[in-house]
Every structure is written in structure tokens, then in C-alpha cells.
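Q: sequence first, predicted coordinates after that:
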Amino acid sequence: MGGVLPVDQGTGESLRRSGGRPGHQPDRTQPLPAGLVTFAMTDIEGSTRLFRQLGDAYLEVLETHRALLGGAFSEYGGTEVDTEGDALFVVFADASEAVAGCLEGQLALASHPWPPGGE
């Protein structure tokens, strides 16, 4: 995932908000911030290995991962723009809020009781 995300400067609406996972769409009720913004992109390191190791249990781990990060990001004003595989793409109106949201997300992931092999 990469490149430039086109955003309408008048409305702050993304010109591409596809949601990269089946059955999931980003919250379209929140307008995207416009002007100078900060983007955060996430990825699970070793997700292919983790998927092979956990099998069907990987889906629950992935949903928990998304929920923990999504909660932290939204607490600090982040808006999910897109997903692809295990990656999240989020935009923040303020850089310091983006850093705080990412730190909060890392702390949430680190403190969560993951199943054996899912950490």
C-alpha cells in the first residue's frame, strides 16, 4: 500500500475509501481531515508466518489487533481510510495526536493477552 490519497480539499472526503477487507468499510460518516494531515500505516510483522501457525485462529487475532489499534487511533482523532490484508491506513488532523494514537496502539498491543503463538 502506498502512494498519494486524493482528498477533496473542500469537504475533506476521500476520493477513494474502499476498505480492503471483505465485509468491512471504513466509517463514512466522519469527514476526513483536510489541509496538512498526518498518515499512519500499520502492518503485522510476520503475518504470513502467523497465519500459517494459527490457522483459523488467525482471524480472531487479526480482528482483535484491528480493534485495539482502531480504538487507540479514534481516541486521538484518527480516521480509518483504508485497509488491505492486515494493514490499516489512518489519517489524523494533528501530527502530535497521530504520535499519541500510535503510541497508545502499541501499548494496547503489548499489554493484550494474546493466545500462545499469537504474540
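A: Thanks, I have it. Note that this is a predicted model, so its numbers are computed, not measured.
Q: can you pull out the strands in the protein?
A: In the chain, strands defined by DSSP state E lie at 38-41, 79-84, 87-92, listed in chain order.
Q: what's the neighbour count on residue 80?
A: 22 (other CB atoms under 10 Å). Every residue, glycine included, has its C-beta placed from N, CA and C.
Q: make a markdown table from the strands of the chain and add distance to residue 110 and mean pLDDT to it.
A: Formatted as a markdown table, the strands of the chain follow (distance: least, CB to CB, whole Å; pLDDT from 0 to 100):
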| stretch | distance to residue 110 | mean pLDDT |
| --- | --- | --- |
| strand 38-41 | 17 | 95 |
| strand 79-84 | 21 | 90 |
| strand 87-92 | 17 | 94 |
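Q: looking at those, which is nearest to residue 68?
A: Between residue 68 and the strands of the chain, the shortest separation by CB to CB is 10.8 Å, and it involves strand 87-92.
Q: next one: the closest one to chain centre, how far?
A: In terms of CA atoms, centre = their mean, to the nearest Å, the centre of strand 87-92 is found 5 Å from the chain centre.
Q: which one of the strands of the chain is the most hemmed in?
A: Ranked by mean neighbour count under mean count of other CB atoms under 10 Å, these are led by strand 87-92, which reaches a mean of 22.
Q: contacts for that one, please.
A: Applying CB atoms under 8 Å, 6 or more residues apart in numbering, the set of residues contacting strand 87-92 from outside is 1, 5, 20, 32-33, 37-44, 66, 69-70, 73, 76-83, 98, 101.
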